[in-house]
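# could you work out the structure for the sequence below:
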Amino acid sequence: MVQRNNNKILLHACCGVCSGYPISFLQEAGYEVAVYFCNPNLDTEAEFNKRLEAQKTVCEKFNAELIVDEYNHSEYSDCIKGFENEPERGKRCDKCFELRLKKTAELSKKMNISEFTSSLAISPHKDFAKISSIGKAVANEFSLNYLPINFRKNDGVLKTNTISKDLGIYRQNYCGCEYSKR
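Numbering: from 1, shown residues only. Just a heads-up that it's a prediction; the model follows:
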């Protein structure tokens with residue numbers, strides 16, 4: 001683990017399914033976890049609300065603070081303009097990760113929390129090294145520390161799936177943007 005000044009960390013959460021194990025992992029490591037639900041990439045407000053309800057359930061279970069960014073899909077659309085036809089895991093996704101991690105860093109700075117990370121890192125469908133690289137670059141820009149934790153290790157995917165199944169929360173079958181439905 002990285003040396004820290006205090007015990008608070010901001011966890012960007014893409015959804016309740018992916019955040020269960022990262023929250024518990026961080027708490028076991030001694031952190032007080034604040035969860036930031038920031039997902040302008042979600043294709044509809046209905047999808048945003050379903051995932052938000054799941055996130056609320058997970059945060060209640062782990063007694064973690066939840067901070068919700070307002071739904072603003074046009075922010076995502078503007079960010080990925082020109083990259084709409086990129087394949088999954090391509091440059092469009094990089095832009096999306098950067099948008100959400102920048103918003104997380106901005107909030108982290110505003111809340112005077114020096115460290116942040118993301119539940120995106122648990123997904124077997126995402127490139128851990130790419131997310132970590134973007135997170136570190138964003139952190140440097142804000143004079144913060146991004147923790148590149150590979151939540152997949154030690155059966156993290158199985159653990160987070162078990163948590164979500166036990167809680168009976170909504171389990172989506174696509175990343176979230178309209179392009180990932182293809």
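
# and Asn112, which of the three is it?
coil (DSSP: H, G, I helix; E, B strand; the rest coil).

# what's the pLDDT at it?
Per-residue confidence (pLDDT) for Asn112: 97.

# now it. Its backbone dihedrals?
The phi and psi values for Asn112, taken as degrees, to the nearest 10, are phi 60, psi 40.

# what sits up against the strand or helix carrying Leu107?
Per DSSP states H and E, Leu107 falls inside helix 91-110. When contacts are defined by Cβ atoms under 8 Å, 6 or more residues apart in numbering, helix 91-110 is touched by residues 10, 12, 14, 36, 38-41, 67, 69, 75-76, 79-80, 83-84, 86, 114-116, 118, 120, 126, 130-131, 134-135, 138-139, 141-144, 146, 175, 177, 179. (Each C-beta comes from the backbone N, C-alpha and C, glycine too.)

# quick one: mean pLDDT over the following helix or strand past it.
Sequence-wise, the next helix or strand downstream of helix 91-110 (DSSP H and E) is strand 115-118. For strand 115-118, mean pLDDT is 98.

# keeping just the C-alphas, turn the helix or strand following strand 115-118 into CSV.
Next along the chain after strand 115-118, taking DSSP H and E as the criterion, comes helix 128-141. Output in CSV follows, covering the C-alpha atoms of helix 128-141 (Å, rounded to 0.1, in the frame of the first residue of the first chain):
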residue,chain,number,x,y,z
PHE,A,128,-6.1,-2.5,-15.9
ALA,A,129,-2.8,-1.0,-17.1
LYS,A,130,-4.6,1.6,-19.2
ILE,A,131,-6.9,2.7,-16.4
SER,A,132,-3.9,2.9,-14.0
SER,A,133,-1.9,5.0,-16.5
ILE,A,134,-4.8,7.4,-17.0
GLY,A,135,-5.5,7.6,-13.3
LYS,A,136,-1.8,8.3,-12.5
ALA,A,137,-1.7,11.0,-15.2
VAL,A,138,-4.8,12.7,-13.9
ALA,A,139,-3.6,12.5,-10.3
ASN,A,140,-0.3,14.2,-11.3
GLU,A,141,-2.3,17.0,-12.9
